[in-house]
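K.L.:
Any chance you can model this:
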Amino acid sequence: MQDLLDRFPGHNLAFLNVAQGGLYEQPTMAHTVLGSCVSVTFFAPRHGLAAIFHALLPRASEYRLHGIESTPYKFVDSAITAMVHRLAYRGVPLQHIECKVFGGACALFAEELSVGRRNVETAFATLADLGLRVAASNVGGERGRKIVFASSTGEIFVRLLGNGNGRPACKYPREKRS
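P.N.:
Got it, this is the predicted structure:
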(Lines give C-alpha, C1' and ligand atoms only; values in the text may rest on other atoms or scores of the structure.)
Protein backbone atom coordinates (compact mmCIF):
# COMPACT_ATOMS: atom_id res chain seq x y z
CA MET A 1 0.00 0.00 0.00
CA GLN A 2 2.84 2.36 0.78
CA ASP A 3 4.10 2.00 -2.81
CA LEU A 4 0.75 3.23 -4.10
CA LEU A 5 0.65 6.11 -1.65
CA ASP A 6 4.12 7.10 -2.85
CA ARG A 7 2.88 7.03 -6.47
CA PHE A 8 -0.14 9.16 -5.55
CA PRO A 9 1.12 11.85 -3.16
CA GLY A 10 -1.44 14.06 -1.51
CA HIS A 11 -4.23 11.47 -1.66
CA ASN A 12 -6.42 10.81 1.34
CA LEU A 13 -6.80 7.19 2.43
CA ALA A 14 -10.22 5.59 2.94
CA PHE A 15 -11.02 2.00 3.90
CA LEU A 16 -14.46 0.67 2.98
CA ASN A 17 -16.09 -1.92 5.20
CA VAL A 18 -18.98 -4.07 4.04
CA ALA A 19 -22.08 -1.99 3.22
CA GLN A 20 -20.12 1.25 2.88
CA GLY A 21 -19.63 3.56 -0.06
CA GLY A 22 -17.97 6.86 -0.78
CA LEU A 23 -18.18 9.71 -3.26
CA TYR A 24 -14.89 11.57 -3.59
CA GLU A 25 -14.07 15.08 -4.82
CA GLN A 26 -10.64 15.15 -3.20
CA PRO A 27 -7.92 12.76 -4.40
CA THR A 28 -8.45 9.58 -2.41
CA MET A 29 -7.07 6.06 -2.36
CA ALA A 30 -10.12 4.01 -1.39
CA HIS A 31 -9.37 0.40 -0.57
CA THR A 32 -11.26 -2.68 0.53
CA VAL A 33 -11.06 -6.47 0.67
CA LEU A 34 -13.58 -8.53 -1.29
CA GLY A 35 -14.55 -12.18 -1.18
CA SER A 36 -18.01 -12.87 -2.57
CA CYS A 37 -18.82 -9.17 -2.12
CA VAL A 38 -18.75 -6.79 -5.07
CA SER A 39 -17.40 -3.30 -5.54
CA VAL A 40 -18.26 -1.07 -8.46
CA THR A 41 -16.25 2.06 -9.16
CA PHE A 42 -17.66 5.14 -10.87
CA PHE A 43 -15.31 7.65 -12.45
CA ALA A 44 -16.43 11.00 -13.89
CA PRO A 45 -13.19 12.86 -14.71
CA ARG A 46 -14.92 15.80 -16.42
CA HIS A 47 -16.68 16.53 -13.15
CA GLY A 48 -13.84 15.70 -10.76
CA LEU A 49 -15.85 12.98 -9.03
CA ALA A 50 -15.31 9.32 -8.29
CA ALA A 51 -17.22 6.79 -6.21
CA ILE A 52 -16.99 3.22 -4.96
CA PHE A 53 -19.03 0.89 -2.73
CA HIS A 54 -18.61 -2.52 -1.06
CA ALA A 55 -21.85 -4.55 -1.30
CA LEU A 56 -22.57 -7.86 0.43
CA LEU A 57 -25.69 -9.21 -1.26
CA PRO A 58 -27.22 -9.01 -4.77
CA ARG A 59 -30.75 -7.56 -4.63
CA ALA A 60 -32.48 -5.68 -1.84
CA SER A 61 -35.88 -7.03 -2.93
CA GLU A 62 -34.78 -10.57 -2.02
CA TYR A 63 -34.65 -9.64 1.66
CA ARG A 64 -37.45 -8.43 3.89
CA LEU A 65 -35.99 -5.34 5.42
CA HIS A 66 -37.30 -2.12 6.77
CA GLY A 67 -35.43 1.09 6.17
CA ILE A 68 -33.19 -0.03 3.31
CA GLU A 69 -32.54 3.68 2.75
CA SER A 70 -30.25 3.61 5.79
CA THR A 71 -28.05 0.84 4.28
CA PRO A 72 -28.17 1.29 0.48
CA TYR A 73 -24.64 -0.06 0.04
CA LYS A 74 -25.44 -3.47 1.54
CA PHE A 75 -27.01 -4.63 -1.75
CA VAL A 76 -25.45 -4.44 -5.20
CA ASP A 77 -28.56 -3.13 -6.96
CA SER A 78 -29.42 -0.44 -4.42
CA ALA A 79 -25.75 0.57 -4.10
CA ILE A 80 -25.48 1.16 -7.85
CA THR A 81 -28.73 3.11 -7.87
CA ALA A 82 -27.66 5.19 -4.85
CA MET A 83 -24.31 6.09 -6.44
CA VAL A 84 -25.91 6.98 -9.77
CA HIS A 85 -28.39 9.24 -7.96
CA ARG A 86 -25.59 10.90 -5.99
CA LEU A 87 -23.62 11.55 -9.18
CA ALA A 88 -26.71 12.77 -11.06
CA TYR A 89 -27.51 15.13 -8.17
CA ARG A 90 -24.01 16.58 -8.67
CA GLY A 91 -24.75 17.15 -12.36
CA VAL A 92 -22.97 14.15 -13.88
CA PRO A 93 -24.70 12.75 -17.00
CA LEU A 94 -24.71 8.94 -17.24
CA GLN A 95 -22.65 8.99 -20.43
CA HIS A 96 -19.80 10.68 -18.52
CA ILE A 97 -19.47 7.82 -16.01
CA GLU A 98 -16.97 5.00 -16.45
CA CYS A 99 -17.72 1.91 -14.33
CA LYS A 100 -15.56 -1.03 -13.28
CA VAL A 101 -16.70 -4.19 -11.44
CA PHE A 102 -14.67 -6.26 -8.96
CA GLY A 103 -15.13 -9.22 -6.62
CA GLY A 104 -17.67 -11.99 -6.60
CA ALA A 105 -15.38 -14.86 -5.64
CA CYS A 106 -17.01 -18.26 -5.18
CA ALA A 107 -14.92 -19.35 -2.26
CA LEU A 108 -17.64 -20.69 0.03
CA PHE A 109 -20.51 -22.25 -1.89
CA ALA A 110 -21.23 -24.54 -4.79
CA GLU A 111 -21.56 -22.76 -8.11
CA GLU A 112 -25.37 -22.98 -8.18
CA LEU A 113 -25.71 -21.22 -4.82
CA SER A 114 -22.88 -18.75 -5.13
CA VAL A 115 -23.61 -15.35 -3.68
CA GLY A 116 -20.49 -14.11 -5.47
CA ARG A 117 -21.83 -15.12 -8.85
CA ARG A 118 -25.23 -13.58 -8.13
CA ASN A 119 -23.55 -10.36 -6.95
CA VAL A 120 -21.60 -10.07 -10.19
CA GLU A 121 -24.60 -10.87 -12.38
CA THR A 122 -26.67 -8.28 -10.51
CA ALA A 123 -23.95 -5.65 -10.94
CA PHE A 124 -23.71 -6.16 -14.71
CA ALA A 125 -27.49 -6.32 -15.14
CA THR A 126 -28.18 -3.20 -13.04
CA LEU A 127 -25.48 -1.20 -14.81
CA ALA A 128 -26.82 -2.32 -18.22
CA ASP A 129 -30.39 -1.43 -17.22
CA LEU A 130 -29.17 2.09 -16.38
CA GLY A 131 -27.26 2.36 -19.66
CA LEU A 132 -23.86 2.49 -17.97
CA ARG A 133 -20.89 0.91 -19.69
CA VAL A 134 -18.42 -1.32 -17.91
CA ALA A 135 -14.86 -0.40 -18.89
CA ALA A 136 -13.15 -3.22 -16.97
CA SER A 137 -13.82 -6.02 -14.53
CA ASN A 138 -12.00 -8.57 -12.42
CA VAL A 139 -14.61 -10.98 -11.07
CA GLY A 140 -15.22 -14.56 -10.02
CA GLY A 141 -12.63 -17.17 -9.28
CA GLU A 142 -12.09 -18.77 -5.92
CA ARG A 143 -9.85 -16.16 -4.31
CA GLY A 144 -10.62 -12.92 -2.59
CA ARG A 145 -9.16 -9.61 -3.72
CA LYS A 146 -7.73 -6.50 -2.18
CA ILE A 147 -8.54 -3.52 -4.37
CA VAL A 148 -7.28 0.04 -4.26
CA PHE A 149 -9.12 2.74 -6.22
CA ALA A 150 -7.35 5.98 -7.12
CA SER A 151 -10.20 8.47 -7.32
CA SER A 152 -8.08 11.04 -9.16
CA THR A 153 -7.34 8.78 -12.15
CA GLY A 154 -9.96 6.00 -12.01
CA GLU A 155 -7.21 3.40 -11.78
CA ILE A 156 -7.81 0.19 -9.84
CA PHE A 157 -5.06 -1.94 -8.39
CA VAL A 158 -6.00 -5.56 -7.66
CA ARG A 159 -4.15 -8.17 -5.62
CA LEU A 160 -5.52 -11.72 -5.36
CA LEU A 161 -5.44 -13.11 -1.84
CA GLY A 162 -4.43 -16.57 -0.64
CA ASN A 163 -3.61 -19.61 -2.71
CA GLY A 164 -7.15 -20.73 -3.51
CA ASN A 165 -8.85 -23.76 -2.04
CA GLY A 166 -8.68 -26.21 -4.95
CA ARG A 167 -12.34 -25.85 -5.93
CA PRO A 168 -13.29 -24.85 -9.46
CA ALA A 169 -13.85 -21.18 -10.12
CA CYS A 170 -17.30 -19.71 -10.70
CA LYS A 171 -18.50 -19.74 -14.25
CA TYR A 172 -20.09 -16.57 -15.52
CA PRO A 173 -22.08 -16.21 -18.70
CA ARG A 174 -20.20 -14.34 -21.40
CA GLU A 175 -21.06 -10.69 -21.60
CA LYS A 176 -23.09 -9.84 -24.68
CA ARG A 177 -21.52 -7.23 -26.90
CA SER A 178 -23.69 -4.87 -28.91
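
K.L.:
Can you say which helix or strand has the residue minimising distance to the centre of the chain in it?
P.N.:
Note on the chain: the residue nearest the mean C-alpha position is S39, at 1.6 Å, using C-alpha atoms, centre = their mean. If you go by DSSP states H and E, S39 is part of strand 38-44.

K.L.:
Please enumerate the strands of the protein.
P.N.:
Using DSSP state E, the strands of the chain run over 12-15, 20-24, 28-34, 38-44, 49-54, 98-103, 134-139, 145-150, 156-160.

K.L.:
I'd like to know which of those lies nearest to D6.
P.N.:
strand 28-34 (11.0 Å; C-beta to C-beta). For every residue, glycine as well, the C-beta is placed using N, CA and C.

K.L.:
That closest one: partners in the sheet, and parallel or antiparallel?
P.N.:
Partner strands and pairing direction for strand 28-34 (DSSP bridges) are strand 12-15 (parallel), strand 145-150 (antiparallel).

K.L.:
Tell me which of these is the most buried.
P.N.:
Of all those, strand 145-150 carries the top mean neighbour count, a mean of 21, counting by mean count of other C-beta atoms under 10 Å.

K.L.:
mean confidence score for it?
P.N.:
Per-residue pLDDT over strand 145-150 has a mean of 97.

K.L.:
just stretch 121-135 next, same as before
P.N.:
pLDDT averaged over stretch 121-135 gives 97.

K.L.:
Quick check: buried residues in it?
P.N.:
Within stretch 121-135, the residues scored as buried using 16 or more other C-beta atoms under 10 Å are 121-124, 126-127, 132.

K.L.:
can you redo the residues you listed as TSV with distance to I147?
P.N.:
Shown next, in TSV, are the buried residues of stretch 121-135 (distance: C-beta to C-beta, whole Å):
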residue	distance to I147
E121	19
T122	18
A123	14
F124	17
T126	19
L127	17
L132	19
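
K.L.:
With adjacent residues omitted, what lies nearest to F42?
P.N.:
Spatial nearest neighbour of F42, chain neighbours left out: A51 (4.3 Å); criterion: C-beta to C-beta, 6 or more residues apart in numbering.

K.L.:
residues near that neighbour, how many?
P.N.:
26 (other C-beta atoms under 10 Å).

K.L.:
surely it meets G21?
P.N.:
Yes: A51 lies in contact with G21 (C-beta atoms under 8 Å); the separation is 6.7 Å.

K.L.:
Find residues that contact each of those two.
P.N.:
Shared contacts of A51 and G21 (C-beta atoms under 8 Å, 6 or more residues apart in numbering): M83.

K.L.:
follow-up on the earlier one: so the residue nearest to F42 bridges to which residues?
P.N.:
With DSSP bridges as the rule, A51 is bridged to L23, F42.

K.L.:
Return the residues in contact with the nearest residue to I80 once chain neighbours are set aside.
P.N.:
In space, and not counting its chain neighbours, I80 is closest to T126: 4.6 Å by C-beta to C-beta, 6+ apart. Taking C-beta under 8 Å, 6+ apart as the criterion, T126 is in contact with 76-77, 80-81.
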